[in-house]
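> turn this into a structure:
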Amino acid sequence: MPRSLTSIALGIPSGSRDGRPVEGFDEDALTLAVDVLEALSRSTPGLPLARIHLVGDGLELLAEALPEALGNLRLRTVRHPTGSGPFWAAVGAAAADPEPDGSVAVFAFEGAGPSGAGRALRWGTCALALGLAERPGWRVVGPGPGADPTGSIGSRQTPDAPRGETGDSAADERPWLEPLVRRFRELASPPGGPGERQDPVPGAPDSGGATFEIEAPVAWWDVRDLPTGRDGAPTGSTPPSDDPLRHRVSEGAYLPRPTYLEHRPSRWRLAAEACPRCGTITFPSRGVCRGCGNSGSLEAIELGRTGLVVEAVTTIRPGAQPTEFDPQVEAMGDYAVVIARTPRGPKVTLQMASGRTPALGDRVSARLRRLYSTEGEWRYGLKGFLERPDPGS
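Below is the predicted model:
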């Protein structure tokens, strides 16, 4: 059964420059990808993501990091160059993907960069993810009149091509993702709240590059509006365009790279281990039960990244932060750190994203974000975001 488009997720970063959204201090293509791909998974519970088609420049890190960040080490990625043609080629390949189990996603990214140079996008940076599954939705029936001839729907894979080598350089500089996002929003965005479903425009909508036959409505997600989203002011500062922060050397709580990589599952997903012998939950995961020392039959679990209850709060003011966070404090000022109890019981420590400082008893969610730079690379981990109160409570 061919896969149909069942869900769409949009990611707009919280940073701003000259009135256009750009990556905030703790955001980049990886954090936006995790946000939108996890939103898609809400539309297909119980159906694992089998493959992701990545469309855009500079996404090398995603191919390596997404399986770990999404907790699916069997996940495979396919790279495509940037542009509307490769995007529609990726959609066609995803629809016809022979992968027997699971859903397939197309993730597209176009970044204005920290300085916004060379871009005239109204939105600046944006990320778009499409989820396709063997379920009723919008069935891809062929290219529309606006399809880019450089990409052929149904092709299995488009090889990487450096920007500017595919033809007219002026055309290469035109924003291509924003018009697609606007068109998808016109067709799929519900008037109520995020995640609600409704019939899109009647007929077979042409979204600029493919024709879809409507079998069932799609789900639309905007990660800025998720119930577990940010409550407060957006992150307004971005690193300079030459990104000197990547070359800083730690003078504070140094964490060797092998240790960081070893504990990524716990740092990125709150992965833990439950002991069937004594019932103890060990976090972070370490291969040995901290209660009884059992190491033979531990169950891999995740503590849950929504609905964490704040039990302690402190504010880190300039001069009190580890030196790794000096650039963040210089750009953004104070930040809050909380101790929060997870749904499975163990407590975790989270730096809060920019916004209102939480109070005791508030609920927060944890999302992957950039934390600091050391040894020439960014280190990632979870940050806390205040959850909005349930309107029905």
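> which secondary element of this protein has the worst mean pLDDT?
Taking mean pLDDT, DSSP states H and E as the measure, helix 169-172 is the helix or strand of the chain with the lowest mean score, a mean of 38.
> next, count neighbours for the closest residue to Ala272 other than its chain neighbours.
In space, Ala272 comes closest to Phe283 once its chain neighbours are excluded; the distance is 4.0 Å by CB to CB, 6 or more residues apart in numbering. For glycine as for every other residue, the C-beta is placed from the backbone atoms N, C-alpha and C. When neighbours are counted by other CB atoms under 10 Å, Phe283 registers 21.
> and the pLDDT at Phe283?
Per-residue confidence at Phe283 stands at 93 (pLDDT).
> dihedrals phi and psi, it?
The phi and psi torsions at Phe283 (degrees, to the nearest 10) take the values phi -140, psi 130.
> and for the one 3 residues further on?
The phi and psi values for Arg286, taken as degrees, to the nearest 10, are phi -140, psi 0.
> elements contacting whichever strand or helix holds Leu350?
When elements are assigned from DSSP states H and E, Leu350 belongs to strand 347-352. Under the contact criterion of 3 or more CB pairs under 8 Å, 6 or more residues apart in numbering; DSSP states H and E, the helices and strands touching strand 347-352 comprise strand 308-316, strand 335-341, strand 363-374, strand 377-386.
> got the buried residues for the first one?
Same thing as strand 308-316. For strand 308-316, a neighbour-count test (16 or more other CB atoms under 10 Å) marks Leu308, Val310, Val313, Ile316 as buried.
> just to revisit the earlier point, among the helices and strands packed on strand 347-352, which is nearest Cys289?
Taking CB to CB, strand 335-341 is the member of the helices and strands packed on strand 347-352 nearest to Cys289, at 20.3 Å.
> and the angle from the closest one to strand 377-386?
Using axes from the mean of the first three to the mean of the last three CA atoms, to 10 degrees, one finds that strand 335-341 and strand 377-386 are set 70 degrees apart in direction.
> helices or strands up against strand 335-341?
Using 3+ CB pairs under 8 Å, 6+ apart as the contact test, the elements touching strand 335-341 are strand 308-316, strand 347-352.
> so which of those strands comes closest to Val55?
strand 347-352 (31.4 Å).
> what's that closest one in contact with?
Strand 347-352 is touched from outside by 270, 283, 303, 308, 311, 335-342, 358, 364, 366, 371, 382-386, with contacts defined as CB atoms under 8 Å, 6 or more residues apart in numbering.
> how about Ser41, what does it touch?
Residues in contact with Ser41 (CB under 8 Å, 6+ apart) are Leu49.
> what's the pLDDT at it?
Ser41 is assigned a pLDDT of 84 by the prediction.
> could I get the phi/psi values of it?
Ser41 adopts backbone torsions of phi -60, psi -20, taken as degrees, to the nearest 10.
> the residue lying farthest from the centre of the chain: what secondary structure?
Using CA atoms, centre = their mean, the residue of the chain lying farthest from its centre is Cys292. It sits 37.1 Å away. For Cys292, the reduced secondary structure class is coil; criterion used: DSSP: H, G, I helix; E, B strand; the rest coil.
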